[in-house]
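Colleague: just need the structure, nothing else, for what follows:
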Amino acid sequence: MRETVLVAIMAAVTVLLRFLPFAVFRKKVPSYIQYLGRVLPSAIIGMLVIYCLKDVNVTSSPFGLPEAIAGLCVVILQVLKRNSLLSILGGTVIYMVLVQLVF
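Modeller: Numbers count the residues shown, from 1 in each chain. Have a look, this model is predicted:
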């Protein structure tokens, strides 16, 4: 019972946070909010890439090769298909196959 209440509260807060900007900015969205909407997605993706690659050791075997190959696959899939979910999923699968079976 307690877990159900906690999940319901978390869901309500999540929905509230999603709809709050629409309620606050009904008429006109301020220019700084529009700017953040344009630049934050790229900045967040960049930070995630840096976070994922921060522990790669390029001085010892396999010299970051699985990460480089998977990253290249993500870029190629994104350029060809323009589908972020497919690109990320494809890169993850390639990385896991390389780490588990090749390197």
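Colleague: element containing the residue most central in space within the chain?
Modeller: Centroid-nearest residue in the chain, with Cα atoms, centre = their mean: Ile45, separated by 5.7 Å. For Ile45, the host element (DSSP states H and E) is helix 31-53.
Colleague: circling back: mind listing what the residue nearest to the centre of the chain touches?
Modeller: Contact analysis of Ile45 by Cβ atoms under 8 Å, 6 or more residues apart in numbering lists nothing. Any C-beta I mention is one placed from the backbone N, CA and C, and that applies to glycine too.
Colleague: again, but for Gly91
Modeller: Counting by Cβ under 8 Å, 6+ apart, Gly91 has contacts Ala70, Gly71, Cys73, Val74, Leu77.
Colleague: how about the helices in the chain?
Modeller: 2-24, 31-53, 65-81, 84-97 (DSSP state H).
Colleague: of all these, which one is nearest Phe103?
Modeller: helix 65-81 (5.4 Å; Cβ to Cβ).
Colleague: quick one: mean pLDDT over that closest one.
Modeller: Averaged over helix 65-81, pLDDT sits at 96.
Colleague: and that helix, which residues are buried?
Modeller: Within helix 65-81, the residues scored as buried using 16 or more other Cβ atoms under 10 Å are Pro66, Glu67, Ile69, Ala70, Gly71, Cys73, Val74, Leu77, Gln78.
Colleague: what is the nearest of those residues to Phe22?
Modeller: Using Cβ to Cβ, those come closest to Phe22 at Gln78, 29.3 Å.
Colleague: what's the nearest residue to the closest one if we skip its chain neighbours?
Modeller: Ser87 (4.2 Å; Cβ to Cβ, 6 or more residues apart in numbering).
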